[in-house]
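what follows is a predicted protein model with its sequence.
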Amino acid sequence: MILLRRANERGHAQHGWLDSHHTFSFADYHDPQWMGFGPLRVINEDRVAPGGGFAPHRHANMEILSYVIEGGLQHRDSIGNGSVIVPGDVQMMSAGSGIEHSEFNASKETPVHFLQIWIQPDRINASPRYAQENYPVDVRHGVLKLVASPDGAEGSLPIRQDARVFATVLSAGQLVSHALGEGRRAWVQVVRGRLRLGEDIVLDEGDAAGLADRSGLDLHAASECEALVFDLP
C-alpha cells in the first residue's frame, strides 16, 4: 500500500507572521482522512516572518522534533533550555508530563523555515526532557542518517516511541534504500527538490508518501534533494 499526500492538498493557515502547511489535521484544519500515520501525528511546514514567533505555550505527552531548513529558530522552555536551531540541527523536546516553551524567529531580517514534527509517545506523564544535535550535510549526504530513535543509537536523539527518523541529502541520480521489518510502515517527506519513490512515483518539495505492507523502499534523486524517512510501528 502506498498513500500519497501532495503538498498542494495539505491544510493551510496564514496568520501574517506565520505561513503553515499541515500534512495532518492540526488546529483549525480537520480532515478525518488525515489524522496521522501510525504514531506520526503532525508534520507542519512553517515559515515564520522576521521577529515573529510562538509565545510561551504548553505541551504534554508528545515527542516533538524541529528540523530547520533555512534561518534560525530561537527556543526557550520551562526546564531551562535556550538555543538557536539552525539548518543541520534537529531538536527533540519530549513534553512528558508537561513543558512550556516559546519559539521565535531568531532574525529581525529574514524568515525562518522549518518542519515541526509530533510523534505520539509510548508512555504518558514521563519526565520532560530536551536534546539537540547537529547533523552536517556531509554526514547526511548519500545515506539515510539516523537522527532520532528509541535508544539514541548512532548519535541520534532519543525519543519515547519505537520509531526511527532518518535524514538524507542526495545529489541528482543518487539512490538510497531502506528495509522495513515485518509489520513496520514508513513515511517519506520531501523537504526540498524532487525524488522518485520506486520506479514510477515522483515526489516534489512538500510531497509525502506513506507505505505499508512492503519489505522496503527505494528513493531515487531526480534532482538535488533533501528528505526525511520515518520507520514506524
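Structure's in. What do you need?

hmm, residue 201 is touching residue 209, no?
Yes: because the distance of 6.6 Å satisfies Cβ atoms under 8 Å, residue 201 is recorded as touching residue 209. Using the backbone N, CA and C atoms, a C-beta is placed for each residue, glycine as well.

which of these two has more neighbours?
residue 209 (20 against 13; other Cβ atoms under 10 Å).

find the nearest non-adjacent residue to the more buried one, please.
Distances taken as Cβ to Cβ, 6 or more residues apart in numbering put residue 188 closest to residue 209, at 4.9 Å, once the chain neighbours are dropped.

run through the helices of this protein in chain order.
Counting by DSSP state H, the chain has these helices, from start to end: 137-140.

any idea how far residue 190 is from residue 207?
When Cβ to Cβ, to the nearest Å is applied, the distance between residue 190 and residue 207 equals 5 Å.

my error: substitute residue 88 in the last question.
23 Å.

now residue 36
Here residue 36 is placed at a distance of 17 Å from residue 207 (Cβ to Cβ).

the two: which is more packed in?
Regarding residue 36 and residue 207, a neighbour count based on other Cβ under 10 Å identifies residue 207 as having more, with 23 against 18.

low-confidence regions, this protein specifically.
Judged against pLDDT under 70, the chain has no low-scoring part.

residues contacting stretch 140-157, please?
Judged by Cβ atoms under 8 Å, 6 or more residues apart in numbering, the contacts made with stretch 140-157 from elsewhere in the structure are 65, 90, 92, 131-133, 135, 139, 158-171, 174, 176, 178, 226, 229.
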